[in-house]
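Novice: Predicted model follows, preceded by the sequence.
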Amino acid sequence: MKDKTSMIVNRERRIRVLPFFAIIFFAISMTVAVAWGHGGKSHTESFTALQALQKATELYDQLIVKGKLDESWETGLNAVEITVRDSNGRKEYRVGFHRQSGSPEAVYIFFSPEGEYGGSNFDGKW
C-alpha cells in the first residue's frame with residue numbers, strides 16, 4: 001500500500017510542477033522571439049526598391065480613393081515599374097503605374113534614398 005500511495009503523491013507533485021515549467025518555457029520562447037523578431041536588419045540600412053513599391057502603392061490607392069485619379073487608373077492598370085537611379089552616390093526611386101488606355105498613360109511617384117516622398121507627375125521626369 002505504501003508504494004501505491006507514494007506513487008500517487010509523486011504523480012500529483014509532477015502534475016503541479018508541470019504548469020510551472022510550461023510557463024517558464026513559454027516565457028523564454030517569447031523572449032527569444034521578441035529579441036530575434038527584428039529581422040537582423042541594422043538601423044542604418046537604406047530604403048529598398050520593394051519598400052518604394054509598397055509606399056507608392058499606398059499613395060496610388062489614396063489618389064484613387066480621394067478622386068485625384070479616376071477609376072480607370074484602378075480598373076485599367078496595365079503595368080507597374082520601379083526605376084532606381086544613382087544620383088551623386090545616392091539611390092533615388094521612381095515607381096510608375098501604367099494604364100491600358102487614356103491620357104496620361106502613366107503616373108510616377110518619387111522617393112528619396114531615405115524613403116521620403118519626393119513628388120509625383122505624369123511624365124516620369126526626375
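Specialist: Here it is on my side, so go on. Numbering: from 1, shown residues only.
Novice: Return the backbone torsion pair for residue 88.
Specialist: Taking degrees, to the nearest 10, you get phi 60, psi 40 for the backbone angles of residue 88.
Novice: cool, and residue 58?
Specialist: phi -60, psi -50.
Novice: who's residue 80 bridged to?
Specialist: Using DSSP bridges, the bridge partners assigned to residue 80 are residue 97.
Novice: Domain ranges for the chain, per the record?
Specialist: 1-42, 49-121 (automatic domain parsing).
Novice: what bits of the chain have low per-residue confidence?
Specialist: 1-45 (pLDDT under 70).
Novice: can you give me the strands for it?
Specialist: In the chain, the segments counted as strands under DSSP state E are 77-87, 90-99, 106-111, 117-121.
Novice: Mind jotting down where the helices sit in this structure?
Specialist: Under the criterion DSSP state H, helices of the chain are mapped to 2-36, 49-65, 72-75.
Novice: Hmm, residue 99 and residue 72 touching each other?
Specialist: Yes - at 6.2 Å, residue 72 and residue 99 qualify as touching, with contact defined as Cβ atoms under 8 Å. In this view, the C-beta of every residue, glycine as well, is placed from N, C-alpha and C.
Novice: distance of residue 61 from residue 103?
Specialist: 21 Å (Cβ to Cβ, to the nearest Å).
Novice: between residue 72 and residue 99, who's got more neighbours?
Specialist: Higher neighbour count among residue 72 and residue 99: residue 99, with 20 against 13, using other Cβ atoms under 10 Å.
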